[in-house]
Structures are given as C-alpha cells and as structure tokens.
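Undergrad: the following block contains a protein sequence and its predicted model.
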Amino acid sequence: MATKDLGGGSADSGATQTQVGQEGAHSNFPPFDSGTFPSQLVWFAIAFGFLYWYLAKRGLPQLGAVIESRKARIAADLDEATAMQQKADAAAAAHEKTLAEARAKAQSLAQAARDAAAADAQAKRQALEDELSAKLAGAEREIAKMRSDAMANVAEVARDAAGAIVERLGGRPADPSSIAAAINSVKSLSGAA
C-alpha cells in the first residue's frame, strides 16, 4: 500500500494527473461522432421497423376499432335522439290536441252555463212579471171597487152637504127631491165628460 504525500509533488501525483487527462480526451459527443453513424443508422432502422410493425399489427387496428366503435355509438345515439325527438313532437302534438279539446269543452260548458243562467233569470223575471201583473190587476180591481164605492158614497155625501149648505144659507131645510135632481144633473154631466 502506498501512502500519498499530500504536501508536495511526488511522482505518483503526476501519473494520476496524466491518466485523468487521457480519459477526458474524447473529441466529440458520441451521437455526433461520425465514426458511430453507421451503427446508429442500423439501430435506427431496426427501431423504426419494429415500431412500424408494432403500430401496423397492434396499435393502429386497436385505434381504428376504437374510432369505428365511437362512430357506431354516435350514429346510434343520433338515431335514438331522432326517434326521441319524433316521440316528443308526437307527444307535443297530442298534448296540443288535448288542450284544444279541453278548451273547446270548457267553452261549451261555459256557454251552456251562461245559457242556463240566462234561461233561469228569464224564467225568474217572467215569474216576477206575472206575479207583479197579477198584483197590479188585483190592485186595479180593488181601486175600481173603491172608486165605485166612493162614487156611491159621494152622491149621498153630496146630498147631505148640499142640504146642509142650503139650510145654512137659506135658513130652512132644503127639498130632498130638488137636491137629488141637481146631483143627478151633475152626475150626467160628469159621466158625459
């Protein structure tokens, strides 16, 4: 075992430096060294050939299968969406038809209710008019009876009043036959008018 002298320049230290200097004397980076180009080209051709074979046999068919399955799935989804759109359109048309029928039915029911209410109001109005007409006819009969009763009493009251007036003015009682004749002449004049 040799001991190294750290302090000064021994012969071993110079040899070590020479060996290190020779190992570090490469001229170019190996991939750029023109002496290694033929072997690099061979390995490049082998790697390219293997990659091409792998992609042709495995990678591209799998990729093509994925693309075709996606195309088929998209086409199926589009067909399903078209079918669902047609169903939705049919359902919307059926809904609109149902709404139109419901509106028509509601309008006919409302018109029937208006007609029934108008008929009921007309019947009540007619019944009220008939009742009022009957009451009016009864009142007119009663008024006519009261008038005839009053007219019958008027002649008697007029005889009494005329007799009282003549007696008061003349001082003697009046002749009942002349008072009756005067009243009858007034009656005939009022009846002729």
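TA: Sure thing, it's come through.
Undergrad: in this protein, where is pLDDT below threshold?
TA: The chain contains residues with pLDDT under 70 at 1-27, 190-193.
Undergrad: now the helices for it?
TA: Using DSSP state H, the helices of the chain run over residues 11-23, 37-54, 60-170, 176-192.
Undergrad: ok, which of the ones you listed comes nearest F29?
TA: Smallest distance to F29 across those (C-beta to C-beta): 12.4 Å, for helix 37-54. Using the backbone N, CA and C atoms, a C-beta is placed for each residue, glycine as well.
Undergrad: tell me the angle that closest one makes with helix 60-170.
TA: Compare the direction of helix 37-54 with that of helix 60-170 by axes from the mean of the first three to the mean of the last three C-alpha atoms, to 10 degrees and you get 50 degrees.
Undergrad: gap between helix 37-54 and the chain center?
TA: Chain-centre distance of helix 37-54: 72 Å, with C-alpha atoms, centre = their mean, to the nearest Å.
Undergrad: mind listing residues that contact it?
TA: P31 (C-beta atoms under 8 Å, 6 or more residues apart in numbering).
Undergrad: 6 Å instead?
TA: Residues outside helix 37-54 that contact it (C-beta atoms under 6 Å, 6 or more residues apart in numbering): none are found.
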